[in-house]
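1. got a sequence here, can you build the structure:
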Amino acid sequence: MSRVLIVGAGLTGSLCACLLRRNMDNKVHIVVWDKARGSGGRMCTSRPPDSQCQSADIGAQYITATHEYAQSHHSLYTELVSAGVLRPLDCVVEGLRHQEGSQNYVAPLGMSSVVKHFLCESGADLFLEHHVTGLYRRGASWEVHRKHGASERFDSVILTMPVPQILQLQGDLPQLLSVQQREQLEAVMYSSRFALALFFPPGVDIKVPWAVRYYNNQGDNSECICYATVEHRKRGTEGHAPLGPTLVVHSSAPFGLQHLEEEKEEVEPVVLREVYRLLPNLPQPISIKCHKWRYSQVLTSVADCPGHMTVLERPLLVCSGDAFSHSNFDGCVESAVSVLAAFKAGSQLAT
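-> Here you go, the predicted structure:
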């Protein structure tokens, strides 16, 4: 069996693993590495500090399917809804610029459950805290080095992490990239942002009339915060176990850019002051978590590389992810589908 390494346990990585398993079941042994302590990537769900508190989606908040994507990716949406991983977003949303014909979906168990579903379906061997540092070509295979631990060899490698992290890899990758490919990758731009999760004890009522609010669309004159949500209302789990509520806020893209080089510990009090300016009656939380998304949504994607970039066909090395499409669920699906096609083509070449 061909030994395949997928670097990144986010949405693209989990979809690549799942599609490879479903289309090449008896031909591949799939391994997934991620440098984080949990899967999900930018669809991660943060555990609460206390089991009595609601968890927090500190990355992606919900999924919007346009009419076209709802049709072209119908089977995946149907699968996730049937499995209870997704349900229609049914709550009070203020300031959302709704796209006609689109449907919003939320994950009742948190957005990371979407990634975990596809990883489970893939049957892949998942290894967390495996930070890849370099790729070295060894004949018909790749020797993959990581920050801590021994290197391992794989027949194919699929990279799904943000493009700047791909460009930082050591080994043979820099020499294998053509001048055009390097220029394409270096032109990719991301927005940056900070996410703040405020955890409250059971019995606390966050007295706001909404479940989700977009401040930048409401004329609230906040240069810092663009989005806020009360997790259990957004997910539609208000009638479940009486967990303490969690409020999540996201900073605006200009604010993230302005504070790009600052540590999250320095920025947290700035964001928190703005939260209480906007919501002066908000109770005091029992815990706060601040997360810095250095690479949030893709602003400028890789030109002329729809879905992926093949760096080498034999042994196969592919770069993929939302930077090769667009930053949402369907963009990651498109990237994973294109990787599958490249993998199939590479397998045919090998035979």
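2. mind listing what's buried along the longest helix belonging to the chain?
-> In the chain, ranked by residue count with DSSP state H as the criterion, the top helix is helix 329-350. Residues 329-340, 342-343, 346 are the ones in helix 329-350 that count as buried (16 or more other CB atoms under 10 Å). Quick note: C-beta positions are derived from backbone N, CA and C, even for glycine.
3. ok, now stretch 208-228?
-> Across stretch 208-228, burial judged by 16+ other CB under 10 Å covers 208, 210-216, 222, 224-228.
4. any low-confidence regions in the stretch 101-250 of the chain?
-> In the predicted model of the stretch 101-250 of the chain, residues 217-220, 239-241 satisfy pLDDT under 70.
5. can you pull out the strands in it?
-> 103-106, 125-128, 132-138, 141-146, 152-154, 156-159, 170-171, 189-190, 193-199, 212-214, 225-230, 246-251 (DSSP state E, counting those that start in this stretch).
6. adding distance to Tyr77, write the ones you listed out as CSV.
-> CSV is the format used below for the strands of the stretch 101-250 of the chain (distance: least, CB to CB, whole Å):
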stretch, distance to Tyr77
strand 103-106, 7
strand 125-128, 24
strand 132-138, 31
strand 141-146, 34
strand 152-154, 32
strand 156-159, 24
strand 170-171, 39
strand 189-190, 26
strand 193-199, 26
strand 212-214, 20
strand 225-230, 22
strand 246-251, 24
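7. ok, which of those comes nearest Arg3?
-> Distance to Arg3, taken as CB to CB, is lowest for strand 152-154 among the strands of the stretch 101-250 of the chain, at 4.9 Å.
8. what packs against that closest one?
-> strand 2-7, strand 141-146 (3 or more CB pairs under 8 Å, 6 or more residues apart in numbering; DSSP states H and E).
9. what's the angle from the first one to strand 141-146?
-> Same thing as strand 2-7. 30 degrees (axes from the mean of the first three to the mean of the last three CA atoms, to 10 degrees).
10. in its sheet, what does strand 2-7 sit against?
-> Strand 2-7 has the following strand partners under DSSP bridges: strand 28-34 (parallel), strand 156-159 (parallel).
11. winner for burial among these?
-> Scoring the strands paired with strand 2-7 by mean neighbour count under mean count of other CB atoms under 10 Å gives strand 156-159 as the most buried, with a mean of 26.
12. using CSV, list the CA coordinates for it.
-> Output of strand 156-159 as CSV, limited to C-alpha atoms (Å, rounded to 0.1, in the frame of the first residue of the first chain):
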residue,chain,number,x,y,z
SER,A,156,3.4,10.8,-1.2
VAL,A,157,3.0,14.1,0.8
ILE,A,158,0.0,16.5,0.8
LEU,A,159,0.6,19.8,2.5
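13. so which residues make contact with that strand?
-> For strand 156-159, the external contacting residues (CB atoms under 8 Å, 6 or more residues apart in numbering) are 2-8, 13, 16, 135, 142, 144, 166, 169, 315-321, 339, 343, 346.
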